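Trainee: Would you be able to build a 3D model of this:
(one chain, ligands or ions: 1)
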Amino acid sequence: MTSAQHLLADEVTVGYGRQVVLDSVTLRIDRGETVGLRGPSGSGKSTLVRVLALLHRPDRGRVSIDGTPVDAARYSVPVAVRTRVAALFQSPRAAADPRLSITDLIAEPLRATRTPEPVVRERVAELADLVGLTPDLRGRRPHAVSDGQLQRACLARALVHGPDYLLCDEATAMLDASTQAHVAAVISDYQRTQRAGVLVITHDQTLMDRWADRIVDLSGLV
Ligand SMILES: Nc1ncnc2c1ncn2[C@@H]1O[C@H](COP(=O)(O)OP(=O)(O)OP(=O)(O)O)[C@@H](O)[C@H]1O
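Mentor: Okay, here's the model as predicted:
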């Protein structure tokens, strides 16, 4: 019997105060596929991403990774499990610590899991190359690079542990056309070569149609 290879939100319910945002929603992302998630503004797409990324614990229901249920929030989950899932959000400035250099930003998740420093340096250089960050940019801090360059760094950081699942929440929305195309291409290549499962949220219907293997509508997931 082959083991399950999917990231699953299973009958997940989330409310903020009295507002129920997700009501028993089930969504499955298989390894090797790109799922597009759409739904009206405010329908809970970002909330579902935070639940799947183990950043928000649902009120009911659960997330499972490759068939193993995850019942705790991110930092109570063992490293080997939580590093299987990474997320990339719309605003790199909100996600990046302004005190860190681009290199340290990418390295942060590796250092947090006590990776030996020579391995950190090698992996950061490899990923910075992959996302197109030239060496002159790597010592700069976030205020000294563009949004597009910072989002490339956030993508490198998201990939640094080699996640099996990557969640992209409007990750290319703030980027100019050429950076958007490059970031999307890096994610697609990663998805193919690592057989990763990818979730994409974008308001750009053309990009969604091109990128996703299948598209699910959040309003149809209850
Ligand atoms: N931390 C929070 N506290 C209170 N309410 C929240 C919080 N986060 C989201 N909400 C509310 O939950 C609802 C769903 O928000 P969410 O961002 O998940 O939707 P979305 O589908 O991603 O929207 P959009 O397409 O506009 O980004 C909205 O009404 C929002 O105001």
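Trainee: And the helices in this protein?
Mentor: Here the chain has its helices, by DSSP state H, at 45-52, 79-82, 92-95, 102-112, 117-131, 135-138, 147-159, 177-194, 205-211.
Trainee: Packed most tightly, which of the ones you listed would that be?
Mentor: Comparing those by mean neighbour count (mean count of other CB atoms under 10 Å), helix 147-159 ranks first with a mean of 24. C-beta: built from backbone N, CA, C; applies to glycine.
Trainee: Output the contacting helices and strands for it.
Mentor: If contacts are counted by 3 or more CB pairs under 8 Å, 6 or more residues apart in numbering; DSSP states H and E, helix 147-159 sits against strand 85-88, helix 92-95, helix 102-112, helix 117-131, helix 177-194.
Trainee: let's see it at 10 Å
Mentor: With contacts defined as 3 or more CB pairs under 10 Å, 6 or more residues apart in numbering; DSSP states H and E, helix 147-159 has these neighbours: strand 85-88, helix 92-95, helix 102-112, helix 117-131, helix 135-138, strand 165-169, helix 177-194.
Trainee: Can you add distance to the ligand and mean pLDDT and give the helices of the chain back as CSV?
Mentor: CSV is the format used below for those (distance: least, CB to the nearest ligand atom, whole Å; pLDDT from 0 to 100):
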stretch, distance to the ligand, mean pLDDT
helix 45-52, 3, 96
helix 79-82, 21, 86
helix 92-95, 13, 88
helix 102-112, 23, 96
helix 117-131, 24, 97
helix 135-138, 29, 96
helix 147-159, 17, 96
helix 177-194, 18, 94
helix 205-211, 13, 91
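Trainee: ok so, going back, okay, the helices and strands packed on helix 147-159 in CSV with distance to residue 34 next?
Mentor: Converted to CSV, these look like this (distance: least, CB to CB, whole Å):
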stretch, distance to residue 34
strand 85-88, 14
helix 92-95, 21
helix 102-112, 23
helix 117-131, 18
helix 135-138, 28
strand 165-169, 9
helix 177-194, 6
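Trainee: Quick one: closest of the ones you listed to residue 66.
Mentor: Of all these, strand 165-169 sits nearest to residue 66, with 9.4 Å by CB to CB.
Trainee: Distance from that closest one to the middle of the chain?
Mentor: In this view, strand 165-169 has its centroid 3 Å away from the chain centroid, taken as CA atoms, centre = their mean, to the nearest Å.
Trainee: relative to helix 147-159, how tilted is it?
Mentor: Counting by axes from the mean of the first three to the mean of the last three CA atoms, to 10 degrees, strand 165-169 points 150 degrees away from the direction of helix 147-159.
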